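In: Sequence plus the predicted model coming up.
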Amino acid sequence: MNDPSITRPLWRVRLAFCYLTLAACLPYLTLKALWLSGADIGLDAEAADQMHSAKFMVANAVTMGMELTAVLVAFTFTYPFGRRLPAWLVLFPMWVGTGLLAPIALGAPLGMLVQAVAGGSPLPG
């Protein structure tokens, strides 16, 4: 904590959120790393065959990269080295993440509401 603009209690809160983010992402990253290395953990035989196809390997690598980027952005917002990075390097992944999540975050509740009003089940099935 070499930044005089950050008080010690605020620094501890930022540090806690940073490492909480890392802890929350570790199970996902571990599972993706295992699947990319050929493990069948959490998969039945049919799903394992599909998971090791080229399409799923690329999808797993991309989503693992996105998760790693989220962890790096959390560290960038926590530690002083983040202030030395160009803004676009931090903003670009945030914009991409927002663009990917916004349709889901906005569409899922609306879709469930429409399903509830229309009389269908809001859960896929």
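Out: Perfect, thanks for sending it.
In: can you give me the helices in the chain?
Out: Taking DSSP state H, the helices of the chain run over residues 8-36, 45-51, 54-78, 87-118.
In: Quick check: buried residues in the shortest one?
Out: By neighbour count with 16 or more other C-beta atoms under 10 Å, helix 45-51 contains the buried residues Met51. Quick note: C-beta positions are derived from backbone N, CA and C, even for glycine.
In: cool, the third one as well?
Out: Applying a neighbour-count criterion of 16+ other C-beta under 10 Å, one finds Asn60, Met64, Glu67, Ala70, Val71, Val73, Ala74, Thr76, Thr78 buried in helix 54-78.
In: contacting residues around the spatially most central residue of the chain?
Out: Centroid-nearest residue in the chain: Glu67, 4.1 Å away (criterion: C-alpha atoms, centre = their mean). Glu67 makes contacts with Cys25, Tyr28, Leu29, Lys32, as judged by C-beta atoms under 8 Å, 6 or more residues apart in numbering.
In: same thing but 6 Å
Out: The neighbourhood of Glu67, defined by C-beta atoms under 6 Å, 6 or more residues apart in numbering, consists of Cys25, Tyr28, Leu29.
In: Sketch out the low-pLDDT regions of this protein for me.
Out: By pLDDT under 70, the low-scoring segments of the chain are 1-6, 121-125.
In: What is the neighbour count of Asp40?
Out: Neighbour count for Asp40, taken as other C-beta atoms under 10 Å: 14.
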